[in-house]
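Asker: for reference, the sequence and a predicted model appear below.
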Amino acid sequence: MKIERRTLRSEVEHRSAGSGRRLIIGYAYKFRSLSQDLGGFREQIIEGSSRQSIAKDDVRALFNHDPNFVLGRNRAGTLRMAEDSTGLHYEVDADERISYVRDLLLSLERGDISQSSFGFRVKLDGQEWSVSDDGSTPLRSITQMTLVDVSVVTYPAYLNSESAAA
């Protein structure tokens, strides 16, 4: 089964969760933003596309989509996600007892890493194809997906994504 991953850049709120707890926050995608060229096509995510998945699926927060670097998990209560008017917002409890989390927080604070991505599977009939505004590039619109992960990444597919330490 092939898992697709997309990364993007977005506006991010900076806040702390109280009691000294650190957070990693951002948007996994923004609605109707165009991806970079994904090999002969571009892509956009449509409002509501992951709403069902957020409510029922087991999703991880990862670093660079690597399952060896788990930052949080929704079923453990350490990852929280919601679709808002902008896109898929996520918030991860950053446990600084984990060495790679400390390293990632430093890279986020320095601005060396600042973007996001997401891994997903398109549901049956969960995509539509058209042509982008340039009139020649195929455009894939994702309307229904199963989320697998949200990731803080070095190289995003969506340049308008953003991740930050809070």
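Answerer: Looks like it came in fine.
Asker: how about the contacts made by the closest residue to Lys123 other than its chain neighbours?
Answerer: Excluding the flanking residues, the one nearest Lys123 by CB to CB, 6 or more residues apart in numbering is Gln144, at 4.0 Å. C-betas here are computed from N, CA, C, even on glycine. Going by CB atoms under 8 Å, 6 or more residues apart in numbering, Gln144 touches Ser49, Gln52, Val122, Lys123, Asp125, Gly126, Gln127.
Asker: low pLDDT regions in the protein?
Answerer: For the chain, the stretches flagged by pLDDT under 70 are 1, 5-20.
Asker: quick check: buried residues in the longest helix anywhere in the chain?
Answerer: Longest helix in the chain by number of residues (criterion: DSSP state H): helix 99-110. For helix 99-110, burial by neighbour count (16 or more other CB atoms under 10 Å) applies to Val101, Leu104, Leu105, Ser107, Leu108.
Asker: which residues touch it?
Answerer: Applying CB under 8 Å, 6+ apart, the contact partners of helix 99-110 are 22, 24, 63, 69, 71, 94-96, 113-114, 152, 163-165.
Asker: all helices for this structure, in order.
Answerer: Along the chain, counting by DSSP H, helices occupy 51-56, 99-110.
Asker: center of this protein - which residue?
Answerer: Nearest to the geometric centre of the chain sits Ala28, at 2.2 Å (CA atoms, centre = their mean).
Asker: so how far is Lys56 from that one?
Answerer: 17 Å (CB to CB, to the nearest Å).
Asker: how about the helices of the chain, which one is nearest Gly135?
Answerer: Nearest to Gly135, of all the helices of the chain, is helix 51-56, at 31.7 Å by CB to CB.
Asker: what's in contact with the closest one?
Answerer: With CB under 8 Å, 6+ apart, helix 51-56 has contacts from Val59, Asn74, Met81, Ala82, Glu83, Leu88, Phe120, Gln144, Met145, Thr146, Leu147.
Asker: out of the residues you listed, which is nearest to Leu159?
Answerer: When the contacts of helix 51-56 are ranked by distance to Leu159 (CB to CB), Leu88 comes first, at 16.2 Å.
Asker: leaving out the residues flanking it, which one is nearest to that closest one?
Answerer: Spatial nearest neighbour of Leu88, excluding adjacent residues (CB to CB, 6+ apart): Ala28 at 4.3 Å.
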